[in-house]
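Undergrad: Next comes the sequence, and after it the predicted model I'd like to discuss.
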Amino acid sequence: VSDVEAHLAANFPAYVEELKAFCRIPSVSTDPARKADVLRAATFVVERLRRAGFENVEKVATAGHPVVFGEWCKAPDAPTIVVYGHYDVQPPDPLDKWVTPPFEADVRDDRLYARGASDDKGPLLIPILVAEAFLTLRGTLPLNVKVLIEGEEESGSPHFATAVASLRNKLGCDLVVSADGAMWRADLPSLTIASRGMAALDLTVTGAAKDLHSGRHGGSAPNPVRALAAVLASFHDADGRVAVEGFLDGAVPPDPRIREAIAAVGFDAGRYFDEVGAPRPEPLPDGETLLTRQWLEPTLELNGIFGGYTGPGTKTVIPASATAKITCRLIAGQRPDHVFAAIRSHVAAHLPSGFSFEFSRHGPGTTAFALDPELPALAVLEDILGEISGRKPLRVAMGATVPIGTVFKEQLGAPTVFFSFSTSDEDYHAPNEFFRLKSFRDGLVAWARAYEALGRRIK
Ligand SMILES: [Zn+2]
């Protein structure tokens, strides 16, 4: 065990306390009422970076929540990495489903329960603590480390690309290492080499110019809830695959090693439905099919639908309009612009006559991310994970969207590897989010080794 690893182990109880303090800040970026808390989390990161020994630490203003930057660049002959993470968190709702309050940070069974503990406060704290250990013990790092921690990841990173562009001359690097992302399973180490992109929109269907009485007008007036339901029902075929013409245009086949990983993980379909709490469908699809759908196929998901009266009791109304909130997960090669256009044409073709519709995009969308499988840093990190876990890591894809891979490629010309110690079962978008303290401990060791190994070999 190196001096650094011994130091990290000795200080672990203090690190847990720090993570608890960080998790107690309710930095919900999407909630305007939490703006001051989000800023407080940014300040926490700034202070933590300074205390660790990073220099030129600052909050960089964006049109939304600030990005935090810091660097330690005193190893002129060594490579340079940018470490990425995010200090904002998902909303904690539904609050009544939490065993202990979401921003209390309770440790039970070697797990820290709090909103944001796993995504991404625990994982992002690791590389900072490891840098501090090196600087404390040795006065130097094995490579140059720049840190970029954003505050809007859980809101779709609307200003992140602009922020990275504005910091371009400060962020020059050989590699980006993301402390965000997730391991596939706690007992199966993995590296993410692909993630799906995203296109989000609202679709509003309008009938009459105002709400109408369903007695006076029922039967004659157009009902937009019915029209919207008809359009939504036309988006998928009987198997649940997207049936929008042109939706898949440009899609390219995935790296074959991802299919190997899908076969290797032994995804248990029945257990999957049990775990999400849904009845098992009959016939039960096989696990490889389900996982292929999660990782390698695009989706068009209906996230919410509303219109007319939704309160208690009844109201005899024919609503003037009805809205669906929709997000699509995209695969490599699909372009968000083209996807939006395909959906719009599909709606125009399938909306019953006598209605109008409005189609509003949430931002420009994100293309999918795919890493070059030959990237040397990938092998370096694989070796480290293999050493720590005693198992050969898998190369996996991720159904979720992490737009940063695309942003860093475009803005810095650098590849992004994901080295997060979050695990995908840690309920990070659900009640009772937790972070395994074992992952916290393993992550500290892994990042300490990664700094050294990447300092030697990166390109
Ligand atoms: Zn995250």
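TA: Cool, got the structure. Residues are numbered from 1 along each chain as shown.
Undergrad: Would you mind listing what in the chain touches the ion?
TA: For the chain, the residues in contact with the ion (CB under 5 Å from the ion) are 119, 120, 180. All C-beta spots, glycine's among them, are computed from the backbone N, C-alpha and C.
Undergrad: was I right about the second one contacting residue 153?
TA: Read that as residue 120. Yes: counting by CB atoms under 8 Å, residue 120 does reach residue 153; the two are 7.1 Å apart.
Undergrad: tell me the contacts of residue 243?
TA: Shown in contact with residue 243 (CB atoms under 8 Å, 6 or more residues apart in numbering): 234, 235, 236, 237.
Undergrad: wait, doesn't the third one sit right on residue 242?
TA: Think residue 236. Yes: assessed by CB under 8 Å, residue 236 is found in contact with residue 242 at 6.1 Å.
Undergrad: Report the contact partners of residue 14.
TA: Applying CB under 8 Å, 6+ apart, no residues contact residue 14.
Undergrad: how close does it get to the ion?
TA: 24 Å (CB to the ion, to the nearest Å).
Undergrad: Which secondary structure state does that residue sit in?
TA: helix (DSSP: H, G, I helix; E, B strand; the rest coil).
Undergrad: tell me the pLDDT at the residue of the chain most remote from its centre?
TA: The outermost residue of the chain relative to its centre, with distances by CA atoms, centre = their mean, is residue 216 at 48.5 Å. pLDDT for residue 216: 96.
Undergrad: Could you give the bridge partners of the residue of the stretch 201-350 of the chain found nearest the ion?
TA: Proximity to the ion, evaluated over the stretch 201-350 of the chain using CB to the ion, is greatest for residue 329 at 15.5 Å. Counting by DSSP bridges, residue 329 is bridged to residue 198, residue 299.
Undergrad: Tell me who's in contact with it.
TA: 196, 197, 198, 298, 299, 301, 399, 400, 401.
Undergrad: Pretty sure residue 147 sits in a strand.
TA: Yes: judged by three-state DSSP, residue 147 forms part of a strand.
Undergrad: Please verify my assumption that residue 375 contacts residue 417.
TA: Yes: judged on CB under 8 Å, residue 375 makes contact with residue 417 at a distance of 7.2 Å.
Undergrad: any idea how far residue 278 is from residue 305?
TA: From residue 278 across to residue 305, the span is 19 Å (CB to CB, to the nearest Å).
Undergrad: neighbour-wise, which of the two wins?
TA: residue 305 (15 against 9; other CB atoms under 10 Å).
Undergrad: I'd assumed that one was in a strand, is it?
TA: Yes: looking at residue 305 with three-state DSSP, it is inside a strand.
Undergrad: quick one, what contacts it?
TA: 228, 232, 322, 323, 324, 325.
Undergrad: 10 Å - rerun?
TA: For residue 305, the contact set (CB atoms under 10 Å, 6 or more residues apart in numbering) comprises 203, 225, 228, 229, 232, 322, 323, 324, 325, 326.
Undergrad: Could you report the pLDDT at the residue of the stretch 201-350 of the chain closest to the ion?
TA: According to the model, residue 329 carries a pLDDT of 97.
Undergrad: Quick one: low-confidence residue ranges for the chain.
TA: The model of the chain has pLDDT under 70 over residues 458-459.
Undergrad: Look through it and tell me its longest helix.
TA: Scanning the chain for the helix with the most residues, using DSSP state H, yields helix 437-456.
Undergrad: For that helix, buried residues please.
TA: 437, 439-455 (16 or more other CB atoms under 10 Å).
Undergrad: Distance check, the residue nearest to residue 327 when sequence neighbours are not counted against residue 191.
TA: Nearest residue to residue 327, sequence neighbours excluded (CB to CB, 6 or more residues apart in numbering): residue 200, at 4.5 Å. Distance, residue 200 to residue 191, using CB to CB: 27 Å.
Undergrad: Please identify which of those two sits among more neighbours.
TA: Taking other CB under 10 Å, residue 200 and residue 191 do not tie; residue 191 has more neighbours (23 against 20).
Undergrad: wait, what's in contact with the more buried one?
TA: Residue 191 neighbours (CB under 10 Å, 6+ apart): 181, 183-184, 261, 371, 377-379, 381-382, 385, 393-396, 417-420.
Undergrad: which of these count as buried?
TA: 181, 183-184, 261, 371, 377-378, 381-382, 385, 393-396, 417-420.
Undergrad: Now do the phi/psi pair for residue 59.
TA: Dihedral angles of residue 59 (phi, psi; degrees, to the nearest 10) stand at phi -90, psi 120.
Undergrad: Identify the bridge partners of it.
TA: Legend: beta-bridge partners of residue 59 under DSSP bridges are residue 68.
Undergrad: The stretch 1-150 of the chain: helices as residue ranges?
TA: Along the stretch 1-150 of the chain, counting by DSSP state H, counting those that start in this stretch, helices occupy 3-10, 12-23, 35-52, 122-138.
Undergrad: Among those, show me which one is buried the most.
TA: Stretch with highest mean neighbour count among those: helix 122-138 (a mean of 23; mean count of other CB atoms under 10 Å).
Undergrad: from the chain's centre, how far out does that one sit?
TA: 23 Å (CA atoms, centre = their mean, to the nearest Å).
Undergrad: Measure how that helix sits relative to helix 3-10, angle-wise.
TA: For helix 122-138 against helix 3-10, the angle by axes from the mean of the first three to the mean of the last three CA atoms, to 10 degrees is 120 degrees.
Undergrad: report the angle between the axes of helix 122-138 and helix 437-456?
TA: Going by the same axes, to 10 degrees, helix 122-138 makes 60 degrees with helix 437-456.
Undergrad: State the distance from the closest residue to the ion within the stretch 251-400 of the chain to residue 48.
TA: Closest residue of the stretch 251-400 of the chain to the ion, CB to the ion: residue 400 (8.3 Å). Going from residue 400 to residue 48 by CB to CB gives 26 Å.
Undergrad: next one: residue 318
TA: Distance from residue 318 to residue 48, by CB to CB: 56 Å.
Undergrad: what's the answer for residue 132, then?
TA: 9 Å.
Undergrad: Kindly report the same for residue 185.
TA: For residue 185, the distance to residue 48 - CB to CB - is 30 Å.
Undergrad: do the same with residue 244
TA: For residue 244, the distance to residue 48 - CB to CB - is 46 Å.
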